[in-house]
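Chemist: quick one, what's the 3D model for this:
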Amino acid sequence: MEPDYVDDEERLYSDVFQNLRRAYSAENQDEADIDASVIDDEEGEDEDLPPVQWDPENPQMEEGSIFASMSECRNALVTYCIKAEHTFEVDKSGTVHYRVHCPTDDCPWRMHTSKMQNSTNIQVKVNPFRHTCLESTLRKEATSRSKSRWVAEEVKRWVTENHQVGTKELQKNLKEKFKIELPYMRVFNGKQHVMESIYGNWHGSFKLLYSFKGEVERTSQIVL
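Modeler: Next up, the predicted model:
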């Protein structure tokens with residue numbers, strides 16, 4: 001029995017989507033491996049800055065901007081880069097510090113973020129320079145930064161409002177909003193992240209049915 005949130009595209013091309021799910025699981029493992037391999041920072045000593053409100057729809061990553069988590073900060077950076085048509089390279093990535101710079105020759109842009117003192121929030125501590133690189137030449141590199149977890153954050157509202165929304169429609173929505181073409185599989189994976197946050201892991205939940213059946217048999221003394 002399939003979950004009731006499976007859309008028409010998945011029903012029509014069930015074999016293809018089985019392969020996509022296997023690739024999705026592999027990608028999740030890759031992302032988990034990356035998370036596990038980041039530098040485990042010591043507590044930072046950077047002084048906190050006066051707080052600055054930031055716009056989730058158009059983040060500028062200004063000094064003082066505060067984020068609820070490192071994940072939120074990274075997603076905001078990707079959104080900023082896509083909208084501004086810039087890209088970045090990571091110098092240091094961990095649970096306390098996140099430091100990036102522009103890889104273009106002679107461009108001075110760099111950004112340092114770190115955990116705030118006596119808080120779990122993340123704040124942009126250093127972002128003193130504007131980009132001097134050409135924007136249009138970096139659109140492809142910026143798009144490559146939009147991984148499935150960033151996609152999940154961006155499509156969350158659409159998927160929550162309509163669990164039956166198809167991947168192609170999400171692709172179209174993202175293209176209209178950000179003027180980017182994202183691979184079908186990346187958007188599919190992003191949608192899966194959202195669905196799992198709503199329903200939990202489908203395959204794991206299905207396996208629990210056997211435990212539930214056994215418990216019912218034990219307590220009711222009835223063999224189903």
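Chemist: any weak-confidence spans in this structure?
Modeler: Low-confidence segments of the chain (pLDDT under 70): 1-45, 135-142, 202-213, 221-224.
Chemist: helices of that one, residue ranges please.
Modeler: For the chain, the helices defined by DSSP state H cover 8-12, 14-37, 70-84, 139-144, 148-161, 167-178, 184-199, 202-220.
Chemist: CA atoms only for the third one, dumped as CSV, please.
Modeler: As requested, C-alpha coordinates have been extracted for helix 70-84 and formatted as CSV (Å, rounded to 0.1, in the frame of the first residue of the first chain):
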residue,chain,number,x,y,z
MET,A,70,23.9,27.0,11.1
SER,A,71,21.7,25.2,8.6
GLU,A,72,19.5,28.3,8.3
CYS,A,73,22.6,30.4,7.8
ARG,A,74,23.9,28.2,5.1
ASN,A,75,20.6,28.1,3.3
ALA,A,76,20.3,31.9,3.5
LEU,A,77,23.8,32.2,2.0
VAL,A,78,22.8,30.0,-1.0
THR,A,79,19.7,32.1,-1.5
TYR,A,80,21.8,35.3,-1.4
CYS,A,81,24.3,33.8,-4.0
ILE,A,82,21.6,32.7,-6.4
LYS,A,83,19.8,36.0,-6.3
ALA,A,84,23.0,38.0,-6.6
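Chemist: got the buried residues for that helix?
Modeler: Neighbour-count burial for helix 70-84 flags 70, 72-84 (criterion: 16 or more other CB atoms under 10 Å). From N, CA and C alone the C-beta is placed, and that goes for glycine too.
Chemist: can I get those residues in TSV with distance to Asn189?
Modeler: Shown next, in TSV, are the buried residues of helix 70-84 (distance: CB to CB, whole Å):
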residue	distance to Asn189
Met70	21
Glu72	19
Cys73	21
Arg74	17
Asn75	15
Ala76	20
Leu77	20
Val78	15
Thr79	18
Tyr80	22
Cys81	20
Ile82	18
Lys83	22
Ala84	25
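Chemist: hang on, Gln117 packs against Gln123?
Modeler: No. Look at Gln117 against Gln123 with CB atoms under 8 Å: they stay out of range, at 9.6 Å.
Chemist: comparing these two, which residue is more hemmed in?
Modeler: Gln123 (25 against 13; other CB atoms under 10 Å).
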